[in-house]
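**Q** need a 3D model of the following:
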Amino acid sequence: MQEIVRLRSTGSVLDDLREMAKKGAPAGTCVVSRVQRAGRGQHGRGFHSAKGGLYFALLFRPSALPDELLGFTARAGEAMRRAVREMSGIDPAVKPPNDLLFGARKLCGILCEGSAQGGRQEYIACGVGLNLNQTSFPPELADIAVSLRMLTGQYYAPRPALLLALRYLSELCP
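**A** So this is what the prediction gives:
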């Protein structure tokens, strides 16, 4: 782990990290925020990122060729499933390629973006939104989103949750 940049609020941790990657940030750089105003998921869909969730992005600088990294997002989903299981005892399902579900409700979203040049993978920025401590969601999401706190009744300290998630994710790429 190189550096953890902590923010109270941002547009998108993934956008912040992508800009840092373009400026040469080292592998292991992480951006974490309490709130995202413009969190997004696959195909540009919005991701509700209010206070209570864990929103972070981790930078990888793989030595592998782009074709060797196919399935990276699915592997990130599996890593987050293991982290959630260890921290809470909840064993969510992975909905390929980028969601963790408990029943039919979304617990976590993962979005990986990267840049390749000259046949080499320059970087991968892996963004994660984990519904950690929310006790409710807006009416339009109430039937499709769930948090660990809603499932277990327990509060999850964000810092240990982040460190556990980073431990599992850091195993994804040399």
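
**Q** and the contacts of whichever helix or strand residue 159 is part of?
**A** Taking DSSP states H and E as the criterion, residue 159 maps to helix 158-169. With Cβ atoms under 8 Å, 6 or more residues apart in numbering as the test, helix 158-169 has contacts from 1, 4, 30, 32, 34, 54, 56, 58, 76, 79-80, 82-83, 86-87, 126, 128, 130, 132-133. Any C-beta I mention is one placed from the backbone N, CA and C, and that applies to glycine too.

**Q** for it, buried residues please.
**A** With burial defined by 16 or more other Cβ atoms under 10 Å, the residues of helix 158-169 counted as buried are 158, 161, 162, 164, 165, 166, 168, 169.

**Q** the helices in the chain, which residues?
**A** If you assign secondary structure with DSSP state H, the helices in the chain sit at 13-22, 72-88, 148-152, 158-169.

**Q** name the residues of the shortest one that are buried.
**A** Within helix 148-152, the residues that qualify as buried by neighbour count (16+ other Cβ under 10 Å) are 148, 149, 150, 151.

**Q** just checking, what packs against it?
**A** Secondary-structure packing of helix 148-152 (3 or more Cβ pairs under 8 Å, 6 or more residues apart in numbering; DSSP states H and E): helix 72-88.

**Q** where does pLDDT dip in the protein?
**A** 1, 41-46, 174 (pLDDT under 70).

**Q** one step back: between the buried residues of helix 158-169, which sits nearest residue 63?
**A** Sorting these by distance to residue 63 puts residue 169 at the head of the list, at 17.1 Å, by Cβ to Cβ.
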